[in-house]
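Peer 1: Just need the structure, nothing else, for what follows:
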Amino acid sequence: MPQQQDDTMMMEDDSNNDTTSSSTTTNIMISPTTLNSRIHQSASILKENNAAMQDDDDDDTAMQEQPTFSKLSAMENSQRKVEYRRVRCPPHRYTPLREHWEHILTPLVEYLKLQVRFNTKTRSVEMKTSKHTQESGALQKGADFVSAFMLGFDVQDAVALLRLDDLYLESFQVTDVKMLKGDHLSRAIGRVAGQDGKTRFAIENATRTRIVIADQRIHMLGSYANVRVARNAICDLILGAPPGKVYNNMRNVAKRMSERY
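Peer 2: Next comes the predicted model:
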């Protein structure tokens, strides 16, 4: 009897296990519609990934195949037209021009590749582009360089216009600041120049500019910010500010510039 009871219990356990496994199987089964939707979803995701990879490959190919163009020369930029510039020489600069002609001609021909000559009939320096001119702005740079020399700047100072791009020329008259006549005008010019050019040199060294005083006209060469500081100092002197006050201002300006650079 005990053995029969054990056999009966084992059979009941087996039947329970079969029932549990069958119920588990029925629970794991997935409907066909859900399976089809998941298959379509995975296929669409795969297609999007392939399209994205293809777009990246196309972008890389396009970046690699970007065309590169050589720099246009001055002749090609002007549609094969020869450009001219003429700078007149004042009577008081004729002798310095003749003495420094070689120093003026060398950077224009060797650096800017321009054709230059001096016309003795019109007393002017003539420049034009050629097939060897590479930069499109070479003619304008050459004209600015010659104009700076004609205004009274040294060749070494004027050459900086060819080497640097942020240098400018500015000119104004003393009477543009204040209407002065006679001795008052002479004293204003004397205050700007100073004894033996002391004031002018102080402004030049403090603002890193170059100043030329030609009678009533004042010419300045330098960067925009430096020229503005020098112009303000000169205007203060013309308006009657004492030179000592201007010296103190220039000393402060020089200190700030040395700290900045």
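
Peer 1: Start and end of stretch 132-143, how far apart?
Peer 2: 18 Å (C-alpha to C-alpha, to the nearest Å).

Peer 1: What is the neighbour count of residue 121?
Peer 2: 5 (other C-beta atoms under 10 Å). In this view, the C-beta of every residue, glycine as well, is placed from N, C-alpha and C.

Peer 1: Tell me if I am right that it is in a helix.
Peer 2: No - going by DSSP: H, G, I helix; E, B strand; the rest coil, the assignment for residue 121 is coil, not a helix.

Peer 1: Quick check: which ranges of this protein have low pLDDT?
Peer 2: 1-43, 55-67, 69-80, 260-261 (pLDDT under 70).

Peer 1: Show me where it has its strands.
Peer 2: For the chain, the strands defined by DSSP state E occupy 84-88, 115-119, 124-128, 168-173, 210-214, 217-222.

Peer 1: For the second one, list every residue counted as buried.
Peer 2: Going back to what we said before, that points to strand 115-119. Neighbour-count burial for strand 115-119, with 16 or more other C-beta atoms under 10 Å as criterion, is recorded at 116, 118.

Peer 1: got it, and the first one?
Peer 2: Buried residues in strand 84-88, counted by 16+ other C-beta under 10 Å: 85, 87.

Peer 1: With the fifth one instead?
Peer 2: Across strand 210-214, burial judged by 16+ other C-beta under 10 Å covers 210, 211, 212, 213.

Peer 1: what's the answer for the fourth one, then?
Peer 2: By neighbour count, with 16+ other C-beta under 10 Å as the criterion, the buried positions of strand 168-173 are residue 169.

Peer 1: Give me the angle between that strand and strand 217-222.
Peer 2: Interaxial angle, strand 168-173 versus strand 217-222 (axes from the mean of the first three to the mean of the last three C-alpha atoms, to 10 degrees): 160 degrees.

Peer 1: Also the fifth one?
Peer 2: In this structure, strand 210-214 runs at an angle of 170 degrees to strand 217-222, with the same axes, to 10 degrees as the basis.
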